[in-house]
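Novice: Below are the sequence and a predicted model; questions follow.
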Amino acid sequence: MKNRKLRLGALCGGGRPARRRGGASRPPVLRRLGAVCASTHPKWILLLLLAFTGLVFAQRGFDFGGRRGYGGGSYRGWDRSDSYDNPRQVPQHGYDENGALRDTPNWTNAPGFEKDVFTFVRIKRSGGGWSGGPWSTDTPDSDLNLSWRLSTLTALKVNPDGCFLRLTDTNLLNYPFIYMVEPGSLSLGDDEVAALRKYLLNGGFLWLDDFWGDNEWNNMARELKKVLPERDFVELPLTNQLYHCVFDIKSKERVPNVNNGSRVQFDPEYPTWEKGGTEVHHRAIFDDKGRIIVFATHNTDNGDGWEWEGNNHFYFEHFAEKIAYPLAINVVYYTMTH
């Protein structure tokens, strides 16, 4: 499947067409990513089998319509309180090609195996630092859309609800993958520092995404230094296996926010960067065995790529389909195999 374009289109889960709002069904998709199974057992003993077979995607057509906006806007109808345990509980805000509110399809896993799944875990946290948005930016649509894509494009069994956790939650160690958005505003308390250190040094993986410019980088790096004072970020070379384990990623491309990315359709020179962050960086922290334990995608917004896949065909085709989803699938596969 390497060197082939990812075609993300109308998908289904569980072998049946997923129902759209209003009763219209989506045609099935032929899976290219092979069989993967991963458990969230505390010891994270993972049994994986990848058989890369053909993957065919039917390209959706999206009109340039629907609600404009990005980055956790206040119009979304929820207060980011601790009352929510997962993204499925939060009202969605994405739009389809007709400008109507779009719900991510739901699915179920086999009875008795509900915990033997991959769960997209978003970390709740307090704000602080130089700048940046809240922990809830892009959710619930980004979390649910990515989980749905993983469940339909791969044989990975995926939690349909996702999860919101704090670093101090006692069951954090049950999950091998956690995600923090807008870490330019990161501010960690002593208990969070200790919990995150324990998590990372016991096999956990943290993805930091959607933060821009030097100020936001410096604030995030300062907070992570409290967690891992003996380790430093390094620019991840494109030769690293993370870029080649599923899709053959040959460059570090930017996913702009949906507003900037959409404008490129009409003005190719329109700037897609924010806050002076003109160069995309993928940096990593490694453990003693050479395994990536922190992955930071700086001056890019993968979360918007997952979040706004339905309201703009151009943005979907150029940024979600080509950049955000292939990178996320590689990151998840790397996490579950390391």
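Specialist: Yep, it's here. Computed from a predicted model, the values in this text were never measured in an experiment. Numbers count the residues shown, from 1 in each chain.

Novice: Going by C-alpha atoms from here, please, whenever you check contacts or count neighbours.
Specialist: Noted.

Novice: Do a quick rundown of the helices in this structure.
Specialist: 141-153, 190-201, 213-227, 258-263, 302-307, 313-315, 325-337 (DSSP state H).

Novice: Quick check: buried residues in the longest one?
Specialist: Read that as helix 213-227. 213, 214, 215, 216, 217, 219, 220, 221, 223, 224, 226, 227 (16 or more other CA atoms under 10 Å).

Novice: How far does that helix sit from its chain's centre?
Specialist: 20 Å (CA atoms, centre = their mean, to the nearest Å).

Novice: can you check stretch 289-298 too?
Specialist: Centroid separation between stretch 289-298 and its chain, computed with CA atoms, centre = their mean, is 15 Å.

Novice: Pull out the buried positions in it.
Specialist: For stretch 289-298, the neighbour count (16+ other CA under 10 Å) marks 292, 293, 294, 295, 296, 297, 298 as buried.

Novice: ok, the last one to residue 234 distance?
Specialist: When distance is defined by CA to CA, to the nearest Å, residue 298 is 12 Å away from residue 234.

Novice: what touches both of these two?
Specialist: Common neighbours of residue 298 and residue 234 are listed as residue 283 (criterion: CA atoms under 8 Å, 6 or more residues apart in numbering).

Novice: before we move on, back to that, quickly name whichever of the buried residues of stretch 289-298 is closest to residue 198.
Specialist: Using CA to CA, residue 293 is the member of these that lies nearest residue 198, at 11.6 Å.

Novice: What is the neighbour count of the nearest residue to that closest one once chain neighbours are set aside?
Specialist: Among residues not flanking residue 293 along the chain, residue 205 sits closest, at 4.6 Å (CA to CA, 6 or more residues apart in numbering). Residues lying near residue 205 (other CA atoms under 10 Å) number 24.

Novice: Residue 205 touches residue 296, doesn't it?
Specialist: No. Counting by CA atoms under 8 Å, residue 205 stays clear of residue 296, with 11.0 Å between them.

Novice: where does the stretch 1-150 of the chain dip in pLDDT?
Specialist: 1-81, 128-130 (pLDDT under 70).

Novice: residue contacts, the nearest residue to residue 332 once chain neighbours are set aside?
Specialist: Closest residue to residue 332 apart from its sequence neighbours, by CA to CA, 6+ apart: residue 177 at 7.9 Å. Counting by CA under 8 Å, 6+ apart, residue 177 makes contact with 119, 120, 121, 204, 205, 206, 207, 332, 335.

Novice: Next, the spatially closest residue to the second one that is not a sequence neighbour: phi, psi?
Specialist: Read that as residue 120. The spatially closest residue to residue 120, leaving aside those adjacent along the chain, is residue 162, at 5.0 Å (CA to CA, 6+ apart). With angles defined as degrees, to the nearest 10, residue 162 sits at phi 70, psi -170.

Novice: coming back round to it: of all the helices of the chain, which one is nearest residue 288?
Specialist: With CA to CA as the measure, helix 190-201 is the member of the helices of the chain nearest residue 288 (9.2 Å).

Novice: Hmm, residue 151 is touching residue 144, no?
Specialist: No. Counting by CA under 8 Å, residue 151 stays clear of residue 144, with 10.4 Å between them.

Novice: ok so, going back, which ones among the buried residues of stretch 289-298 lie within strands?
Specialist: Those of these mapping onto strands are 292, 293, 294, 295, 296, 297, 298, per DSSP state E.

Novice: So which residues of the stretch 101-250 of the chain form strands?
Specialist: Along the stretch 101-250 of the chain, counting by DSSP state E, counting those that start in this stretch, strands occupy 121-124, 163-166, 177-181, 205-209, 234-235.

Novice: Report all helices and strands that the last one contacts.
Specialist: Packing partners of strand 234-235 (3 or more CA pairs under 8 Å, 6 or more residues apart in numbering; DSSP states H and E): strand 281-286.

Novice: Strand 292-298 and the strand it packs on, what's the angle between them?
Specialist: If you take axes from the mean of the first three to the mean of the last three CA atoms, to 10 degrees, strand 281-286 sits at 160 degrees to strand 292-298.

Novice: isn't the residue nearest to residue 120 right up against residue 87?
Specialist: Yes. Residue 162 is within contact range of residue 87, at 6.1 Å (criterion: CA under 8 Å).

Novice: overlap in contacts of those two?
Specialist: Common neighbours of residue 162 and residue 87 (CA under 8 Å, 6+ apart) are 143, 144.

Novice: so what's the residue nearest to residue 194 when sequence neighbours are not counted up against?
Specialist: In space, and not counting its chain neighbours, residue 194 is closest to residue 227: 6.9 Å by CA to CA, 6+ apart. When contacts are counted by CA under 8 Å, 6+ apart, residue 227 touches 193, 194, 196, 197.

Novice: okay if I get the residues you listed as JSON lines plus pLDDT?
Specialist: Output for those, formatted as JSON lines (pLDDT from 0 to 100):
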{"residue": "193", "pLDDT": "98"}
{"residue": "194", "pLDDT": "98"}
{"residue": "196", "pLDDT": "98"}
{"residue": "197", "pLDDT": "98"}
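
Novice: If you rank those by neighbours, which is first?
Specialist: So for those (other CA under 10 Å), the most neighbours sit at residue 196, 23 neighbours.

Novice: Give me the distance between that residue and residue 113.
Specialist: Counting by CA to CA, the gap from residue 196 to residue 113 is 28 Å.
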